[in-house]
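Chemist: can you look at this prediction? I've put the sequence above it.
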Amino acid sequence: MRWRRHLWGPVLMALVMVLLDPLRSPARAEPGVPVPPGELITDTNDGEITDADRDLVVKVRLAGLWEIPAGQMAQEKSRNAKIRQIGKSIADQHVVLDRLDRAAARKLGIRVPDKPNAEQQGWLGEMRDAEGEDFDRIYIDRLRAAHGKIFPAIATIRSSTRNDTVRKLAQQANQFVATHMTLLESSGIVDFQALPTAPAPAPATTAAVAPAALSTAGAPRSGGTSQGLVIGVFAAALAAAAFFTWRTTSARRRPRRRRYHY
């Protein structure tokens, strides 16, 4: 029985660590690109391809064609260590995204460009002519504005495309672009006032909004409930471990009764 008592504490603590592991896992992905479960999306080129689908594949390719050299210039020209690191991260990640995009283009039979368009070449020219803080400002502002334009376009294709290859590419591109916007904003010099504002929302009817509002009113959030359950199990496990440790310690300290034989 003694060895069983000694095992209670370690077993319970191991259980607690297993339960808490899912809560710690998301933090391990930062600051890399967060990758959703892509294996759940097929990639067989099944489904109709629209002009909008083709346009997205071309735009993802164009993004890499100018952001990779822009990131290389950031590493060479910026005097700010943070800007240099942002440039390296974005350039390296665009190399990966460009490879994914070209593979999708081959599967889809879409011809993609091999050089930046005129507007993008103009941005690169601005960066070549700038130095110091002027370069940092131009680099951050141009990339943040460009990512802000393509981000909603990717979301539209991701939610509407009929083709599974385009769907997977859109999901991958979405993760890269969201990460790049966050990296650019971490520079602390993004001019948010210069960014275009969102268009005014279309008026919603009461009938369209009411069912969704009623279905979620008063409903507990699943994430909060799950986390609360894990915390409760954690507390209970700690209490149980403390109790069994106390019992074991008390049993050791308790003097043995002497048996008298008559």
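Modeler: That came through, no problem.
Chemist: quick check, pLDDT for residue 110.
Modeler: Confidence at residue 110, expressed as pLDDT, is 97.
Chemist: surely it touches residue 57?
Modeler: Yes. Counting by CB atoms under 8 Å, residue 110 sits close enough to residue 57 to count as a contact (5.0 Å). For every residue, glycine as well, the C-beta is placed using N, CA and C.
Chemist: report the buried residues of the helix or strand encompassing residue 55.
Modeler: Using DSSP states H and E, residue 55 sits within helix 51-77. For helix 51-77, a neighbour-count test (16 or more other CB atoms under 10 Å) marks 53-54, 56-71, 73-74, 77 as buried.
Chemist: after it, which helix or strand is next?
Modeler: Using DSSP H and E, the next helix or strand after helix 51-77 towards the C-terminus is helix 81-108.
Chemist: check which residues of the next helix or strand after that following helix are buried.
Modeler: On the C-terminal side of helix 81-108, the closest following helix or strand by DSSP H and E is helix 118-129. Within helix 118-129, the residues scored as buried using 16+ other CB under 10 Å are 120, 123-124, 126-127.
Chemist: which residues sit against stretch 54-71?
Modeler: Identification of contacts with stretch 54-71 by CB atoms under 8 Å, 6 or more residues apart in numbering yields 87-92, 94-95, 97-98, 101-102, 104-105, 108, 110, 112-117, 120-121, 123-124, 127, 139, 142-143, 146, 150, 153-154, 157, 166, 169-170, 173.
Chemist: among the helices and strands of the protein, which has the poorest mean pLDDT?
Modeler: Taking mean pLDDT, DSSP states H and E as the measure, helix 206-216 is the helix or strand of the chain with the lowest mean score, a mean of 47.
Chemist: from the buried residues of helix 118-129, pick the one nearest residue 197.
Modeler: Nearest to residue 197 among these: residue 123, at 21.9 Å, using CB to CB.
Chemist: got the contact list for the closest one?
Modeler: For residue 123, the contact set (CB under 8 Å, 6+ apart) comprises 66, 70, 138, 142, 146.
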